[in-house]
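Q: Provided below for reference: sequence and predicted model.
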Amino acid sequence: MYRKRATKVIATLGPASSDEATIEALHREGVDVFRLNFSHGTHEDHAARLDAIRRVEERSGSPIGVLLDLQGPKLRVATFRDGFANVASGDTFFFDLDPQEGSDRRVCLPHPEIFAAAGVGDVLLVNDGLLRFKVVDATLTRLKTEVIVGGRISDRKGVNFPSARLPLPALSEKDRRDLEYGLKCGVDWIALSFVQRPEDLHEARMLIKGRAKLLAKIEKPAAIECIDEIIEAADAIMLARGDLGVELPPEDVPAIQKRVVKLCRIAGKPVVVATQMLESMVSSASPTRAEASDVATAVYDGVDAVMLSAESASGKYPIEAVSMMNRIIERTESDPSYRQLMRAMDQPESATTTDAIGAAIDTITGMLPVSATVTYTTSGMTALRVVRRRPVSRIVSLTPDQSVARQLCLSWGTSSLKTDDAVDVEDMVVKARAAAIRAGFGHPEKPILIAAGIPFGTPGSSNLLRIVWPS
């Protein structure tokens, strides 16, 4: 099932979308990659969803990507004597390491790292930033705070500490178990939460051992400070705007989004914009106009994919949300200004044959009525270097590796297909023509472009570009 649009759709599976019939409907309506959120559900739940995805994939005849999203370390307050406490602006409230149940004056915060890092003037955010506490005195065992924004604070609510880079590993023990389980099941992408520095990615990559691609979730201010290095260390980037918007002023998030998208496009790394894209469709059959504009803005920026979270996982209208996302993308990409914006961003090239071929493809597709560009790739790198320029023609990526075909489902404009490597140039042309027709991009009067490497099947050897006219 090959799409007529370039921007991809990721949808999260959950209670509202776990049965095979719904998964198939979601794929039919536009999902290219399914997200398994390991913050919720059991291993058995996720295994059943993955099995259903693979059966849908087999029936559809096209690869489907699967993204495992790790929970990451979670900072939470402990419990209260009554299950909650009400605090008012101006109150004094204490966070400490005392394990006794909390009251309207104090609560246990079982994270010594916060006490070690906190200083006077720092702000603690509780319950997704709905409550704010300013530190007025700090020791290694207790924080005295002034309530800046009050409300109800209840058992085990999440805590954010945006002003410090906490010495916490990105992988918890739960994450390690989830990671190994997901890799054994055969997921295609691993999303790493709580990334603060490029070193956070190194441990995960060592554990993955090449069995999946690694995506870094940008949700901490510390990550923005070293975003270039994180992009270099990751295979893809996700802007998790929900958590990022809690720890940063909301007015800062749009500019950060545009900056990170631009850096990823320059680097040739897939970039995903996520969180609250069609949030109202959790309970409504249609989105707000502002939400539709939000999705369109990401598409105009040239992101590789946009993502649905609660809309498809637990909302009342998961299929309608995917259909709406699909329609917004298609309408946006049909706007003439979309192509103008894609060409407006200058892409600095590296001195490699692959980038030279990518630049040539971009030039040729702007001059000739090319119906499709077919890339032969072993690792996926040829396709990624071609799509970074966002060429006019659609891209069909041929690979002998099914996992690579699934991983490319996250990449802009790429329809991936598993096929045997070509044995010679004539076989290459035959396979390329057949793939373009199968993907729905062949045209009896238009040429196709073929990018490949000789000798065939050698990773990183892209050195051939051929224009093939209909015979």
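A: Right, received. Where do you want to start? Numbers count the residues shown, from 1 in each chain.
Q: okay, CA-based contacts and neighbour counts for the rest of this
A: Fine.
Q: The stretch 1-150 of the chain: strands as residue ranges?
A: Using DSSP state E, counting those that start in this stretch, the strands of the stretch 1-150 of the chain run over residues 8-13, 33-37, 65-69, 84-87, 92-96, 106-108, 123-126, 131-138, 142-149.
Q: any chance of those in CSV, with mean pLDDT and distance to residue 392 too?
A: Listed next are the strands of the stretch 1-150 of the chain as CSV, based on pLDDT from 0 to 100; distance: least, C-alpha to C-alpha, whole Å:
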stretch, mean pLDDT, distance to residue 392
strand 8-13, 98, 16
strand 33-37, 98, 23
strand 65-69, 98, 24
strand 84-87, 96, 57
strand 92-96, 98, 56
strand 106-108, 97, 57
strand 123-126, 94, 46
strand 131-138, 97, 48
strand 142-149, 97, 50
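Q: Deepest-packed of those, please.
A: Of all those, strand 8-13 has the most neighbours on average by mean count of other C-alpha atoms under 10 Å, namely a mean of 27.
Q: Describe which strands it pairs with in its sheet and in which direction.
A: The strands beside strand 8-13 in its sheet (DSSP bridges) come out as strand 33-37 (parallel), strand 305-308 (parallel).
Q: before we move on, back to that, right, so of the strands of the stretch 1-150 of the chain, which gets closest to residue 221?
A: Taking C-alpha to C-alpha, strand 123-126 is the member of the strands of the stretch 1-150 of the chain nearest to residue 221, at 13.7 Å.
Q: quick check: angle from the longest helix that the chain contains to strand 33-37?
A: In the chain, taking DSSP state H as the definition, the longest helix is helix 43-60. Angle of helix 43-60 versus strand 33-37, following axes from the mean of the first three to the mean of the last three C-alpha atoms, to 10 degrees, is 170 degrees.
Q: CA-only coordinates of helix 43-60 in PDB, if you can.
A: The C-alpha trace of helix 43-60 is given here as PDB (Å, rounded to 0.1, in the frame of the first residue of the first chain):
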ATOM      1  CA  HIS A  43       5.100  -7.300  27.100                       C
ATOM      2  CA  GLU A  44       2.400  -9.700  26.100                       C
ATOM      3  CA  ASP A  45       0.200  -6.700  25.100                       C
ATOM      4  CA  HIS A  46       2.800  -5.300  22.800                       C
ATOM      5  CA  ALA A  47       3.800  -8.700  21.400                       C
ATOM      6  CA  ALA A  48       0.200  -9.300  20.400                       C
ATOM      7  CA  ARG A  49       0.000  -5.900  18.700                       C
ATOM      8  CA  LEU A  50       3.300  -6.600  16.800                       C
ATOM      9  CA  ASP A  51       2.100 -10.000  15.600                       C
ATOM     10  CA  ALA A  52      -1.100  -8.300  14.300                       C
ATOM     11  CA  ILE A  53       1.000  -5.600  12.500                       C
ATOM     12  CA  ARG A  54       3.100  -8.300  10.800                       C
ATOM     13  CA  ARG A  55      -0.100 -10.200   9.600                       C
ATOM     14  CA  VAL A  56      -1.500  -6.900   8.200                       C
ATOM     15  CA  GLU A  57       1.900  -6.200   6.600                       C
ATOM     16  CA  GLU A  58       1.800  -9.600   4.900                       C
ATOM     17  CA  ARG A  59      -1.700  -9.100   3.500                       C
ATOM     18  CA  SER A  60      -0.900  -5.500   2.300                       C
END
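Q: Give me the mean pLDDT for it.
A: The pLDDT scores in helix 43-60 average 97.
Q: so what's residue 384 up against?
A: With contact set as C-alpha atoms under 8 Å, 6 or more residues apart in numbering, residue 384 has these partners: 268-269, 411.
Q: mind running it again at 7 Å?
A: residue 268 (C-alpha atoms under 7 Å, 6 or more residues apart in numbering).
Q: Am I right that it sits in a helix?
A: Yes: judged by DSSP: H, G, I helix; E, B strand; the rest coil, residue 384 forms part of a helix.
Q: can you start the count at 47 instead of 1 from here on
A: Fine by me, first position is 47 from now on; the one you just mentioned is residue 430.
Q: Compute the distance between it and residue 345, please.
A: 18 Å (C-alpha to C-alpha, to the nearest Å).
Q: ok, now residue 206?
A: With distances taken as C-alpha to C-alpha, residue 206 is found 30 Å from residue 345.
Q: shaky segments in the stretch 297-446 of the chain?
A: Residues of the stretch 297-446 of the chain meeting the criterion pLDDT under 70: 392-393.
Q: And the helices in the stretch 147-296 of the chain?
A: Taking DSSP state H, counting those that start in this stretch, the helices of the stretch 147-296 of the chain run over residues 158-163, 219-231, 245-254, 267-271, 273-279, 287-293.
Q: Columns mean neighbour count and mean pLDDT on top of those helices, output as TSV?
A: Compiled in TSV, the helices of the stretch 147-296 of the chain are given as follows (neighbours: other C-alpha atoms under 10 Å; pLDDT from 0 to 100):
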stretch	mean neighbour count	mean pLDDT
helix 158-163	17	93
helix 219-231	16	97
helix 245-254	16	95
helix 267-271	18	92
helix 273-279	19	97
helix 287-293	20	87
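Q: got a markdown table for those helices, with distance to residue 335 too?
A: As requested, the helices of the stretch 147-296 of the chain are exported to a markdown table (distance: least, C-alpha to C-alpha, whole Å):
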| stretch | distance to residue 335 |
| --- | --- |
| helix 158-163 | 40 |
| helix 219-231 | 37 |
| helix 245-254 | 37 |
| helix 267-271 | 29 |
| helix 273-279 | 31 |
| helix 287-293 | 19 |
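Q: out of those helices, nearest to residue 440?
A: Among the helices of the stretch 147-296 of the chain, helix 273-279 comes nearest to residue 440, with 25.6 Å by C-alpha to C-alpha.
Q: what does the closest one contact?
A: Under the contact criterion C-alpha under 7 Å, 6+ apart, helix 273-279 has outside partners 243-244, 247, 283, 310.
Q: Over to stretch 439-452?
A: Stretch 439-452 has contacts (C-alpha under 7 Å, 6+ apart) with 109-111, 234, 411, 416-426, 429, 459-467, 482.
Q: That stretch: end-to-end distance?
A: Note: stretch 439-452 ends 21 Å apart using C-alpha to C-alpha.
Q: One more: stretch 203-214?
A: Span of stretch 203-214 from end to end, C-alpha to C-alpha: 19 Å.
Q: centre of the chain versus that stretch, how much separation?
A: With C-alpha atoms, centre = their mean, to the nearest Å as the basis, stretch 203-214 stands 22 Å off its chain's centre.
Q: List the buried residues of that stretch.
A: Neighbour-count burial for stretch 203-214 flags 203-211, 214 (criterion: 16 or more other C-alpha atoms under 10 Å).
Q: Give me the average confidence score over it.
A: 86.
Q: quick one: contacts of that stretch?
A: Here stretch 203-214 makes contact (C-alpha under 7 Å, 6+ apart) with 121-123, 159-160, 163, 168-174, 267-268, 293.
Q: between these, which is nearest residue 306?
A: Of the contacts of stretch 203-214, the one sitting nearest to residue 306 (C-alpha to C-alpha) turns out to be residue 267, at 12.7 Å.
Q: Now do the contacts for residue 268.
A: Contacts here follow C-alpha under 7 Å, 6+ apart; on that basis residue 268 touches 211, 242.
Q: cutoff 10 Å now
A: 208-212, 240-243 (C-alpha atoms under 10 Å, 6 or more residues apart in numbering).
Q: go on, residue 358?
A: Going by C-alpha under 10 Å, 6+ apart, residue 358 touches 56-64, 72, 324-325, 327-328, 364-368.
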